[in-house]
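Novice: Mind looking at a prediction? Sequence and model below.
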Amino acid sequence: MTSAAALAVSLGAVLFSALFCAWNWRKRRRELTETVEELERMIEAAERGEAPSALETGSGETLPSRLYAELQKLAAMYQAAEKASRRQKEEVQQTVSDISHQLRGPMAGLLMYQEMLRDENLDKETRLHCLDVMEEQIQKLDFLVKALVKLSRLESAMIRMNRKEENLFQCLARAVASVSERAEKKHTQIHIDCPEGLTLPLDAKWTSEAVVNVLDNAVKYMKEGGNVTIRAVPLELFVRVDITDQGPGIPEEDYSRIFQRFWRGPETGTQEGVGIGLYLTREIVTRQGGYVKVASCPGKGSTFSLYFQKRD
């Protein structure tokens with residue numbers, strides 16, 4: 001091969017290489033431009049809360065698809081945080097509204113009787129009656145404030161369950177002792193059927209509070225001379241504590257409502273209370289890994305079953 005031919009071949013190879021590089025560079029630039037445009041579309045779609053079509057994302061191995069997967073994770077995290085924040089604000093607003101509603105009644109009563117006492121011509125008997133009513137309203141406010149403090153501390157996670165091995169029988173006995181005075185006034189008998197050596201990982205103080213709330217309702221709504229039975233039943237994973245009364249019972253359609261904050265059924269009548277007890281009971285038991293169920297027969301009584309984990 002002559003030197004001229006060799007030179008021509010070399011020039012041809014160089015030219016071909018240059019053309020190939022130019023073509024390849026244009027192709028890569030086009031692909032990069034398409035990728036950037038695709039990412040822009042993905043971000044805009046994510047901002048609108050829309051998912052790109054399969055054509056936009058392409059194969060799961062492409063760069064846009066991998067980046068989009070990460071965008072989806074970030075968007076999901078952002079949406080979850082926003083939803084939690086919105087729910088928390090709504091709960092705070094609802095709590096403030098509920099507290100305001102609960103305090104309004106006793107405060108209105110106090111203000112009304114206070115105004116009556118300003119009358120200098122009021123006879124002694126009426127004056128004493130006003131003072132008695134005001135004392136009742138103050139006691140109701142005291143009870144309500146204490147209940148609301150427990151509720152707010154529990155809901156704001158200011159209280160942590162300090163679970164350790166506790167004797168269940170002693171925990172139930174403390175709860176019975178807390179309602180014994182009210183029970184004696186109504187000639188109500190409370191029986192405990194629980195192995196004395198049974199221990200569970202519990203927060204003793206708050207578990208007693210959960211049981212007290214159920215017992216208090218049982219004694220409150222039963223007629224005089226009734227019976228309440230507390231029975232501990234060991235199961236495979238839980239210990240079930242059944243609290244059975246002989247009260248008026250609960251309609252089945254109200255099973256879920258009775259655990260709502262500040263809910264009181266029409267059958268409660270003039271009985272004192274604010275509708276927080278059963279809500280607190282469920283919260284206390286749930287936060288210890290358990291749950292609460294209710295079964296009732298209107299006119300014959302109810303059984304509240306509190307399930308406690310046998311081990312952590």
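Specialist: Okay, I see it.

Novice: And the contacts of stretch 276-290?
Specialist: 147-148, 150-151, 154-155, 161, 163, 201-203, 206-207, 209-211, 213-214, 216-217, 238, 258-262, 291-292, 304, 306-309, 312 (CB atoms under 8 Å, 6 or more residues apart in numbering). All C-beta spots, glycine's among them, are computed from the backbone N, C-alpha and C.

Novice: If you could redo that for stretch 292-299, that was the one I meant.
Specialist: By CB under 8 Å, 6+ apart, stretch 292-299 touches 248-252, 255, 258-259, 281-282, 285-286, 302-307.

Novice: who are the neighbours of the helix or strand hosting Glu184, in terms of helices and strands?
Specialist: Per DSSP states H and E, Glu184 falls inside helix 168-185. Contacts defined by 3 or more CB pairs under 8 Å, 6 or more residues apart in numbering; DSSP states H and E place helix 168-185 against strand 189-193, strand 199-202, helix 204-221, strand 227-234, strand 238-244.

Novice: ok, and for it, which residues are buried?
Specialist: Residues Leu168, Phe169, Cys171, Leu172, Ala173, Arg174, Ala175, Val176, Ser178, Val179, Ala183 are the ones in helix 168-185 that count as buried (16 or more other CB atoms under 10 Å).

Novice: swap in stretch 197-208?
Specialist: When burial is assessed from 16+ other CB under 10 Å, stretch 197-208 yields the following buried residues: Leu198, Thr199, Leu200, Pro201, Leu202, Asp203, Ala204, Trp206, Thr207, Ser208.

Novice: Pick out the most distant pair among the residues you listed.
Specialist: Largest separation among the buried residues of stretch 197-208 by CB to CB: Leu198 and Trp206, giving 18.3 Å.

Novice: now the one helix or strand Phe304 maps to: mean pLDDT?
Specialist: Using DSSP H and E, Phe304 sits in strand 301-309. When pLDDT is averaged along strand 301-309, the result is 94.

Novice: Now do that strand: everything it contacts.
Specialist: The contact list for strand 301-309, computed with CB under 8 Å, 6+ apart, reads 168, 200-202, 207, 210-211, 214, 218, 235, 237-247, 249-250, 281, 285, 288-296.

Novice: Pull out the buried members of those residues.
Specialist: Applying 16+ other CB under 10 Å to the contacts of strand 301-309 flags 168, 200-202, 207, 210-211, 214, 218, 238-239, 241-247, 249-250, 281, 285, 288-290, 292, 294, 296 as buried.

Novice: what's the distance between Phe304 and Met134?
Specialist: Phe304 is 35 Å from Met134, where distance means CB to CB, to the nearest Å.
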